[in-house]
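Chemist: The sequence and its predicted three-dimensional model are supplied below.
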Amino acid sequence: MSWTDERVETLKKMWSEGQSASQIAKELGGVTRNAVIGKVHRLGLSNRSGGAPAKPVTKEKPAATRPAAEKAEAKPAAESVAQPAEKPVVPLRRQIIPAGQPLPPQPSANEISPEALASVREVEKKSKKISLMELTERTCKWPVGDPATDDFWFCGLTVQPGKPYCEAHVGVAFQPMSSRRDRRR
């Protein structure tokens, strides 16, 4: 199926009328709902001509039916309109970083227990400093340094059974939940 000019015009017309992608696909025939949605986005029609979705309207009770306490707390309409609307709180999501972009700041060293950090520094002095191509299922895969430089390497010591890291790096990577929670306070 190809998108001829007349099929595109039909899609545009039906989309502006508020028809669903499924209804448009049925009308056009030989095209799926997802194909209609894709074409709508490629044409830049993703927002309906009606603008932003309407806000839900809440009805107030007539003053005669409201209890006396509610009447006293009711604000005049002009006062409530003058107040700026608060922005809704959007939960934080994990950020996806495109390839080749610098990573965000990593947790600082003071978030790791001093004992674990000392152990890691000692182990890194004794590590095998292997490259990516030398890693096996038995070598510690803890990265050290900046991957963009020649000084980047992996620990390479023997791993703990069932873990990807040696004993020292397991102590840093797999901390108990309670100790992480306590550090935030």
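Modeler: That came through fine.
Chemist: Phi, psi for residue 144 please.
Modeler: phi -130, psi 130 (degrees, to the nearest 10).
Chemist: Need the nearest residue in space to it, chain neighbours excluded.
Modeler: residue 153 (5.5 Å; CB to CB, 6 or more residues apart in numbering). Where you see a C-beta, it was placed from the backbone N, CA and C, and this is true even at glycine.
Chemist: ok, now which ones touch the one you found?
Modeler: Going by CB atoms under 8 Å, 6 or more residues apart in numbering, residue 153 touches 127, 129, 130, 131, 143, 144, 145.
Chemist: In space, what's closest to the fifth one - neighbours in sequence excluded?
Modeler: Closest residue in space to residue 143, ignoring its immediate chain neighbours: residue 154 at 5.8 Å, by CB to CB, 6+ apart.
Chemist: hang on, that neighbour packs against residue 130?
Modeler: Yes: contact criterion CB atoms under 8 Å: residue 154 and residue 130 qualify, at 5.2 Å.
Chemist: Pick out whichever of the contacts of residue 153 sits closest to residue 28.
Modeler: Distance to residue 28 across the contacts of residue 153 (CB to CB) is lowest for residue 143, with 52.0 Å.
Chemist: contacting residues for that closest one?
Modeler: Counting by CB under 8 Å, 6+ apart, residue 143 touches 152, 153, 154.
Chemist: sorry, back to before: return a ChimeraX selection command for the buried portion of the contacts of residue 153.
Modeler: In ChimeraX syntax, the buried subset of these is picked out as below (16 or more other CB atoms under 10 Å):
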select :127,130
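Chemist: Now render the contacts of residue 153 as a markdown table, adding secondary structure.
Modeler: Shown next, in a markdown table, are these (DSSP: H, G, I helix; E, B strand; the rest coil):
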| residue | secondary structure |
| --- | --- |
| 127 | coil |
| 129 | coil |
| 130 | strand |
| 131 | coil |
| 143 | strand |
| 144 | strand |
| 145 | coil |
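Chemist: Now do the nearest residue to residue 134 once chain neighbours are set aside against residue 143, distance only.
Modeler: Leaving out its chain neighbours, the residue that sits closest to residue 134 by CB to CB, 6+ apart is residue 156, at 7.0 Å. Counting by CB to CB, to the nearest Å, the gap between residue 156 and residue 143 amounts to 11 Å.
Chemist: Can you verify my assumption that the residue nearest to residue 134 contacts residue 140?
Modeler: Yes: the pair residue 156 / residue 140 is scored as a contact, 5.9 Å apart, by CB under 8 Å.
Chemist: between the two, which one's more packed in?
Modeler: residue 140 (25 against 21; other CB atoms under 10 Å).
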